[in-house]
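J.: need coordinates for the below:
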Amino acid sequence: MGLLRKSSRVFPGLSARRRRIWIKLGLEWARLPWQDKATFRRVKSIANEIAKKYAAVISLGIGGSYLGIRAAQDALAPPYYNEFAASRKKRPQFFCEGNNLDPDTLRALLKNLNPKKTFLIVISKSGETAETKAAFAVAEDWLKKGAGIRYGRQILAVTDPESGALRNRVNAEQKRDSLSFRGLPLLKGVGGRFSEFNMGLLHLAIIGVDIAELFAGAREMSSRCGAADLSVNPAAMYAALHTILYRKKGKAIALMMPFSETLKATADWYAQLLGESLGKKCGRKIAMNRSGEEEWLKDETNIVNVGRTPVSCRGTGDLHSIQQNNIEGENNKITTFIRVEKFRDEVKVPGKGDILAGRTFTRLICLAQEATEWALVQESRPNCTIIMPEVSPYHWGALLYFFEMATAFEGELLEVNAYDQPGVEGYKNYMYYRLGRAGMPEAISRKIENHPLIKDPKFIV
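T.: The predicted structure follows:
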C-alpha cells in the first residue's frame with residue numbers, strides 16, 4: 001500500500017510547481033493540451049498552404065519525432081492513406097524518414113517523388129542527431145538540384161526556438177529570404193518522446209486531423225489523472241499496479257497489445273516512452289539550488305538498473321507468434337490490451353452454415369481479445385485492458401496523455417528521472433568520436449581510446 005499512497009501524491013506535487021521549474025525539469029509536456037489558439041491558427045495556416053501546393057511531404061526525425069508521427073498517421077488517417085488518393089481527400093502523401101541510416105529506404109523514396117511537388121519538414125532540437133542530420137543533407141541536396149534556386153521555400157524546421165545548429169541555419173536562411181526555411185518551435189521542457197502534442201501538430205493539420213478534438217481528449221484525461229483518489233485516477237492506478245508486479249513479482253516485461261491494426265504504431269511509440277523514460281542505471285536525487293529551486297540530479301552512488309522492458313505487438317496477428325511465449329514461456333510479463341469498441345467501417349463474413357458466417361469483424365476481433373485475456377488468466381498471467389470507444393482524435397489524444405501520465409507516475413515510484421536519456425548518449429559519442437567530430441569532451445575521448453571495441457576471432461564463425 002505504500003506505493004499506492006505515494007503515487008496518489010505525484011500529480012498534485014507536479015502541478016504546483018512554477019512554470020520555469022517545469023521547463024527546467026522537463027515537465028512542460030503536461031501543459032501542451034492547453035496551448036493557445038494562436039498556435040493552432042498559425043500551424044493550420046502553414047499546413048493548409050502546404051497541402052494546397054504540394055503532392056507529397058517528407059518528415060525527417062528520429063525517436064519521438066518519428067514514432068509520434070507514425071502513430072498519429074496510422075491511428076487518425078484513413079488506412080492506406082499514402083496508397084490511395086481517394087482516402088486522402090486532396091491532402092498530400094506524408095512520408096516519414098530520417099529515423100535510420102539505411103540508404104535503401106531514403107533513396108527509394110526520393111527516386112519516386114517529384115522534388116518540385118514535395119515539401120520537406122525536418123524535426124530536431126539540436127540539428128546534430130546523426131540519422132536526421134544525414135537524411136536532411138541528402139534530401140536538401142535533392143531539393144536543391146530538382147526544385148530550383150528557391151528550394152528553401154519548400155523546407156520547414158521544427159527545432160529549438162533559440163539555439164542549436166538547426167535554429168542557426170533557420171535564422172541565417174530567413175535573413176536572406178523570409179519565405180525560406182520557416183521554423184516552428186520545439187518547446188523547452190518537452191522531451192522528444194513526450195512531444196507529439198508539440199512537434200506533431202503540423203503533421204496532424206496537414207493530413208486533416210481536428211487538433212481541437214485531440215486536445216479536448218487530452219485535457220479530459222488530464223483532469224482524471226489529477227485525482228488524489230487512486231480509484232478514479234487511471235494513470236496512477238496503472239503505474240502503481242505495474243510497479244508492484246514489477247518490484248514484488250518480477251514482472252519485468254511490458255507487452256502492449258492493441259487489437260487494432262491502426263494502433264500498432266501507437267504501441268511502438270509507447271515502447272520508446274516506457275523504455276527511454278524508465279530504463280535507468282542511477283537513481284534520482286532531489287536537491288535545492290541557491291535560488292531555492294528544485295533540481296533533479298543523477299545519483300551515481302545509487303545504482304538501481306531499473307525499468308520494465310517494453311514489447312510492442314498487436315492482435316490478432318501476433319497471437320500466432322509471441323502469444324505462445326506469453327502463455328507458456330517464463331511468467332515475467334504483463335500484457336496491456338487495447339480494445340476498440342467501434343471501428344470506422346464494418347465487414348461481415350458472408351455465407352451460411354459456418355461458425356464465422358454472418359459475424360462482423362468487430363465482433364470477431366473483440367472476441368479474440370476476450371479469448372486471449374481468458375487464456376492468460378488460466379495460466380495466472382497478469383493482464384489489463386484499456387477500452388477505447390473508437391479510434392478518433394478525441395480518444396487517441398486521451399490515450400496518449402494517459403500513457404504519458406502513467407509513465408510519469410511510474411518514474412516517481414521508481415525514483416528515477418523519467419525525462420533524461422543518458423544511456424542513449426553512449427552510441428552517439430562513439431560515432432562522433434570515430435567520425436572525428438571537433439570539440440569532443442576529453443573524458444569521453446579518453447574512455448573510448450582506453451576501452452576499444454575488441455572482437456575475439458575465436459568467437460567469429
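J.: residue boundaries of the strands in this structure?
T.: 56-60, 93-97, 118-123, 155-159, 182-185, 253-258, 280-288, 294-306, 309-312, 333-342, 383-390 (DSSP state E).
J.: in a markdown table, list these along with distance to Trp142 and mean pLDDT.
T.: Heads up, the C-betas are built off the backbone N, CA and C, glycines and all. What follows is these, written out as a markdown table (distance: least, Cβ to Cβ, whole Å; pLDDT from 0 to 100):
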| stretch | distance to Trp142 | mean pLDDT |
| --- | --- | --- |
| strand 56-60 | 10 | 98 |
| strand 93-97 | 12 | 98 |
| strand 118-123 | 9 | 98 |
| strand 155-159 | 11 | 98 |
| strand 182-185 | 19 | 96 |
| strand 253-258 | 36 | 98 |
| strand 280-288 | 40 | 94 |
| strand 294-306 | 41 | 94 |
| strand 309-312 | 32 | 98 |
| strand 333-342 | 38 | 98 |
| strand 383-390 | 39 | 98 |
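J.: TSV for those, including distance to Gly439 and mean neighbour count?
T.: Listed next are the strands of the chain as TSV, based on distance: least, Cβ to Cβ, whole Å; neighbours: other Cβ atoms under 10 Å:
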stretch	distance to Gly439	mean neighbour count
strand 56-60	24	25
strand 93-97	28	21
strand 118-123	23	26
strand 155-159	20	25
strand 182-185	25	18
strand 253-258	38	24
strand 280-288	26	16
strand 294-306	23	13
strand 309-312	34	19
strand 333-342	43	19
strand 383-390	46	14
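J.: relative to Pro452, which of those is closest?
T.: Smallest distance to Pro452 across the strands of the chain (Cβ to Cβ): 22.1 Å, for strand 280-288.
J.: just checking: what are the partner strands of that closest one?
T.: Next to strand 280-288 in the sheet, as set by DSSP bridges, lie strand 294-306 (antiparallel).
J.: related to what we said a few turns ago, show me the one of the strands of the chain that comes nearest Leu413.
T.: strand 294-306 (10.0 Å).
J.: follow-up on the earlier one: need the strands of the chain in CSV with distance to Ile207, can you?
T.: As requested, the strands of the chain are exported to CSV (distance: least, Cβ to Cβ, whole Å):
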stretch, distance to Ile207
strand 56-60, 9
strand 93-97, 6
strand 118-123, 12
strand 155-159, 15
strand 182-185, 16
strand 253-258, 20
strand 280-288, 35
strand 294-306, 37
strand 309-312, 23
strand 333-342, 20
strand 383-390, 18
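J.: which one, of those, ends up nearest to Arg446?
T.: strand 294-306 (18.0 Å).
J.: need the contact partners of the closest one.
T.: 17, 21, 24-25, 278-289, 414-417, 420, 422 (Cβ atoms under 8 Å, 6 or more residues apart in numbering).
J.: cutoff 10 Å now
T.: 13, 17-18, 21, 24-26, 243, 246-247, 252, 278-289, 410-411, 414-420, 422 (Cβ atoms under 10 Å, 6 or more residues apart in numbering).
J.: got a list of what Asp141 touches?
T.: Counted by Cβ under 10 Å, 6+ apart, Asp141 has contacts Leu110, Tyr151.
J.: tell me the pLDDT of it.
T.: If you check Asp141, the pLDDT there is 98.
J.: and the gap between it and Lys249?
T.: 54 Å (Cβ to Cβ, to the nearest Å).
J.: before we move on, back to that, wait, which of the strands of the chain is closest to Met440?
T.: Nearest to Met440, of the strands of the chain and by Cβ to Cβ, is strand 294-306 at 20.7 Å.
J.: and the closest one, C-alpha only, in CSV?
T.: Only the C-alpha atoms of strand 294-306 are listed here, as CSV (Å, rounded to 0.1, in the frame of the first residue of the first chain):
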residue,chain,number,x,y,z
GLU,A,294,14.2,22.1,-7.1
GLU,A,295,16.8,20.2,-9.1
TRP,A,296,16.9,16.6,-10.1
LEU,A,297,20.4,15.1,-10.1
LYS,A,298,21.7,11.7,-11.2
ASP,A,299,22.8,9.9,-8.1
GLU,A,300,25.8,7.9,-9.2
THR,A,301,26.2,6.5,-5.7
ASN,A,302,22.8,4.8,-6.1
ILE,A,303,23.0,2.2,-8.9
VAL,A,304,19.5,0.9,-9.4
ASN,A,305,19.3,-0.5,-13.0
VAL,A,306,15.6,-0.4,-13.2
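J.: taking the contacts of strand 294-306 one by one, which sit in helices?
T.: Assigned to helices by DSSP state H, the following of these qualify: Gly13, Ile21, Lys24, Leu25, Thr243, Tyr246, Arg247, Leu278, Glu410, Gly411, Leu414.
J.: filter these to the buried ones?
T.: The neighbour count (16 or more other Cβ atoms under 10 Å) marks Lys24, Leu25, Thr243, Tyr246, Leu278, Glu410, Gly411, Leu414 as buried among these.
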